[in-house]
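With the sequence up front, the predicted model follows.
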Amino acid sequence: MSHTRLSLLTPSGHLTLGNYLGALRPMAAQQDDATCYYGISDLHAMTTAHDPTTLRDLIAEFRVLMLACGLDPTRATLFRQSSVPAHAELAYLLECTTYVGELNRMIQFKEKGRGRPMTRASLHTYPVLMASDILLYRPTHVPVGDDQRQHVELARDVAQRFNLTYGPVFTVPEITVPPAGARVMDLADPTRKMSKSTREGAGVIRLLDDPDVVRRKIARAVTDSDTGPSAVRVDRDAKPGVTNLLDLVAACTGTSPEEAADGVPTYGALKKLATDAAVAVLEPVQRRYAALAADPMYVEDVFAAGAAHCREVTAPVLAAAREAMGL
């Protein structure tokens, strides 16, 4: 059975090592196993206050980094969400089948917007836009982390309701979960994930950080006061900082956290191991980024061709939804 996969990255900040290990590297690995659509969800970056120049710069950086991380336009379709108008048009049609109560229950709205007078309406409705992003491509599988699972479940609910009410237009996708070992947490606060939205960035390794910056950030990574002979070990409850560094090494090197801890005597040795592993992963990405950034027309052509293909693919889905609803 042929599979269609869809993954979108929101330019809410600079891409991180966690984004690469948890999302971009798996996306590259799946290109031969499915029909893949990989996009930049720039419309989602506008649900909170943003600077237009910063957003434009991040979009440009994302485009180059997606290619530098191994996404191949001969094996996957790369595009910008805002270059495919069907995303926004279908979102409105789906809003007409989505209930306010469902949107009120969305975790991000409850945490970031509910009860705040300056909350943008788009923060409340963007899960419907996300459903539109997904359903337009009729993917069979959507890879998603725990923090976005609720949104994909909403997309499934909306698709099922639409199909029942108006006719069988949409594929109801299955949710797939990335391997747990690829989850890298913030070095300064290992209770939260390494997020591109984190402004200060002390615990965030960004894909374009040079080796000295990576070394300084890992050197300051939270550990604990244990100095015993078994201090370097996996213990997610008692030693979250140490375990996070072991997870980082494991994800970078393709080993298990327990294997990464083997023979590492001190936290200093662990941090050196983590630094070497991170730099080894980042160096080829940064080298390819520099080469691609020097050829902006190639990048432009890749994403223009991808958007054109997406407009072709989504047109019949949007047309079917419009007709089913009586338009």
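Okay, I see it.

Residue 254: neighbouring residues, count only.
8 (other Cβ atoms under 10 Å). C-beta here means a position set from N, CA and C on the backbone, and glycine is covered the same way.

low-scoring stretches of this structure, by residue?
1-2, 111-115, 145-146, 178-182 (pLDDT under 70).

How much space separates residue 12 from residue 166?
33 Å (Cβ to Cβ, to the nearest Å).

ditto for residue 81
24 Å.

again with residue 108
28 Å.

Can you list the residue ranges for helices in the chain?
Secondary structure of the chain by DSSP state H: the helices cover 17-19, 25-29, 52-68, 86-95, 100-104, 107-112, 121-135, 149-166, 211-219, 240-253, 257-261, 267-293, 296-325.

angle of the longest one against helix 267-293?
This points to helix 296-325. If you take axes from the mean of the first three to the mean of the last three Cα atoms, to 10 degrees, helix 296-325 sits at 90 degrees to helix 267-293.

For helix 296-325, which residues meet the burial criterion?
Residues of helix 296-325 classed as buried under the neighbour-count rule (16 or more other Cβ atoms under 10 Å) are 299, 302-303, 306-307, 309-310, 313-314, 317-318, 321, 324.

who does that helix touch, helix- and strand-wise?
Here helix 296-325 touches strand 35-40, helix 52-68, strand 76-80, helix 86-95, helix 149-166, going by 3 or more Cβ pairs under 8 Å, 6 or more residues apart in numbering; DSSP states H and E.

Could you count how many residues lie near residue 184?
Residues lying near residue 184 (other Cβ under 10 Å) number 26.

Can you give me every residue that contacts the nearest residue to it once chain neighbours are set aside?
Leaving aside its sequence neighbours, residue 184 sits nearest to residue 18 (Cβ to Cβ, 6 or more residues apart in numbering; 4.0 Å). Listed by Cβ atoms under 8 Å, 6 or more residues apart in numbering, the contact set of residue 18 reads 183-185, 193-195, 204-205.

got those residues as TSV, with distance to residue 118 columns?
Compiled in TSV, the contacts of residue 18 are given as follows (distance: Cβ to Cβ, whole Å):
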residue	distance to residue 118
183	32
184	33
185	31
193	26
194	28
195	22
204	27
205	32
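
Which member of those is positioned nearest residue 89?
Lowest distance from residue 89 to the contacts of residue 18 (Cβ to Cβ) belongs to residue 195, with 30.5 Å.

And for residue 244, the neighbour number?
Per other Cβ under 10 Å, the neighbour tally for residue 244 reads 26.

Please say which of residue 81 and residue 166 ends up with more neighbours.
Between residue 81 and residue 166, counted using other Cβ under 10 Å, the more crowded position is residue 81 (23 against 17).

and the nearest residue to the more buried one once chain neighbours are set aside, what does it touch?
Nearest residue to residue 81 in three dimensions, chain neighbours excluded: residue 41, at 4.8 Å (Cβ to Cβ, 6+ apart). Counting by Cβ under 8 Å, 6+ apart, residue 41 touches 8-11, 81, 130, 133.

could you redo the last one with a cut-off of 7 Å?
8-10, 81, 133 (Cβ atoms under 7 Å, 6 or more residues apart in numbering).

What backbone torsions are found at it?
phi -90, psi 70 (degrees, to the nearest 10).

Touching, residue 93 and residue 325? I think so.
Yes. With contact defined as Cβ atoms under 7 Å, residue 93 counts as touching residue 325 (6.1 Å).

Format the helices of the chain as a markdown table; extra columns: distance to residue 77.
Below are these laid out as a markdown table (distance: least, Cβ to Cβ, whole Å):
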| stretch | distance to residue 77 |
| --- | --- |
| helix 17-19 | 20 |
| helix 25-29 | 12 |
| helix 52-68 | 12 |
| helix 86-95 | 14 |
| helix 100-104 | 29 |
| helix 107-112 | 27 |
| helix 121-135 | 13 |
| helix 149-166 | 19 |
| helix 211-219 | 32 |
| helix 240-253 | 27 |
| helix 257-261 | 35 |
| helix 267-293 | 18 |
| helix 296-325 | 5 |
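
Relative to residue 75, which of those is closest?
Nearest to residue 75 among the helices of the chain is helix 25-29 (9.1 Å), distances taken as Cβ to Cβ.

For the closest one, buried residues please.
25-28.

now, among the residues you listed, which is nearest to residue 253?
Nearest to residue 253 among the buried residues of helix 25-29, with distances taken as Cβ to Cβ, is residue 25, at 12.6 Å.

Can you tell me how far the residue lying closest to residue 324 once chain neighbours are set aside is from residue 218?
Setting aside the residues directly before and after it, residue 324 is nearest to residue 166 in space (Cβ to Cβ, 6+ apart), at 4.0 Å. Plainly put, residue 166 is 53 Å away from residue 218 if you go by Cβ to Cβ.
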